[in-house]
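[1] Kindly return the folded structure for what I paste below:
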Amino acid sequence: MEMGGIHLGLIPDGNRRWARLHGLPPVEGHKRGAQVMEEFLRWCLEEDRIGELSVYGLSTENLQKRSPQELRCLYGLMQDYFRKLLDSEEIYEYEVRVRVFGRYYRLPDSVVRLIRELMSATRHHSKRFVNILVAYGAQDELLHSVRSLAYSLMRGRLGRVTEEALRRHLWVGRPLDLVIRTGGDHRLSNFLLYQAAYAELIFVDKYWPDFTREDFQRCLEQFERAQRRMGGDQPEYV
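    Predicted coordinates:
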């Protein structure tokens with residue numbers, strides 16, 4: 001683990017299935033999921049162990065597959081969430097820098113304006129980091145990184161391609177220590193693939209709207225047990 005505390009990745013899956021299970025329209029699942037996300041951020045800020053949080057907010061696949069009605073609901077919830085972050089006392093108390101990565105310019109202008117305002121308002125914070133991935137796909141991020149490296153090589157700004165150079169061109173530069181995914185599926189679904197190479201993966205068989213602080217604590221305990229088992233005998237990868 002690098003300095004600065006745990007870098008935690010979150011894939012909050014299962015909103016639509018939760019709504020279906022309860023006989024509700026998808027919008028109600030997304031609303032409940034947004035409430036849990038607000039609570040989850042608070043739990044993370046209260047955990048000194050967590051220095052950085054990267055959340056899968058909306059994938060590129062979601063943009064293509066969701067109905068216009070559902071997307072309008074998601075955009076509205078995003079707008080409300082970003083506004084709450086902008087006005088949150090905790091963001092300033094804990095000196096959290098909020099960054100949004102992905103092709104978020106594809107979202108409605110009202111959402112994009114809030115995103116840029118939020119990133120600008122927190123740009124000088126450096127104690128904690130929250131990365132929100134919107135209109136994001138890890139393969140798209142890697143393609144962007146390779147293109148940026150190629151451009152730097154052509155302009156003579158880069159002597160050679162190294163792992164460090166590649167990481168500098170990624171949207172999220174720091175490797176993940178732990179990834180939590182809810183919803184029962186056991187895959188990364190195009191989430192920070194490069195950064196998750198050596199992360200501990202914990203899959204929770206609960207839909208995101210049912211995720212509790214007790215579940216969160218169990219995930220952290222499982223991660224700590226895994227770290228103790230590895231100890232000083234971690235393999236050297238070449």
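[2] C-alpha from now on. contacts and neighbour counts both.
    Will do.
[3] Contact partners for the residue nearest to the spatial centre of the chain?
    Centroid-nearest residue in the chain: Val55, 1.8 Å away (criterion: C-alpha atoms, centre = their mean). Contact analysis of Val55 by C-alpha atoms under 8 Å, 6 or more residues apart in numbering lists 9-12, 130-133.
[4] Which element, helix or strand, includes it?
    strand 50-59 (DSSP states H and E).
[5] That strand: what's the following helix or strand?
    Next element after strand 50-59 (DSSP H and E): helix 60-65.
[6] which helices and strands sit right next to that next one?
    Packing partners of helix 60-65 (3 or more C-alpha pairs under 8 Å, 6 or more residues apart in numbering; DSSP states H and E): strand 128-136.
[7] and the angle from the strand it packs on to strand 50-59?
    Relative orientation of strand 128-136 versus strand 50-59 (axes from the mean of the first three to the mean of the last three C-alpha atoms, to 10 degrees): 10 degrees.
[8] about what we covered before: quick check: bridge partners of the residue nearest to the centre of the chain?
    Beta-bridge pairing for Val55 (DSSP bridges): Leu10, Ile132.
[9] what about the closest residue in space to Pro108 that isn't next to it in sequence, neighbour count?
    Computed as C-alpha to C-alpha, 6 or more residues apart in numbering, the closest residue to Pro108 that is not its neighbour in sequence is Tyr75, at 7.5 Å. If you count neighbours by other C-alpha atoms under 10 Å, Tyr75 ends up with 16.
[10] The one 4 residues further on now?
    The number of residues packed near Gln79 is 19, by other C-alpha under 10 Å.
[11] Next up, identify which helix or strand it is on.
    With DSSP H and E as criterion, Gln79 is part of helix 68-87.
[12] Could you pull out the buried residues of that helix?
    Residues of helix 68-87 classed as buried: 70-71, 73-75, 77-79, 81-83, 85-86 (neighbour count, 16 or more other C-alpha atoms under 10 Å).
[13] In terms of secondary structure, what does that helix contact?
    helix 26-45, helix 109-121.
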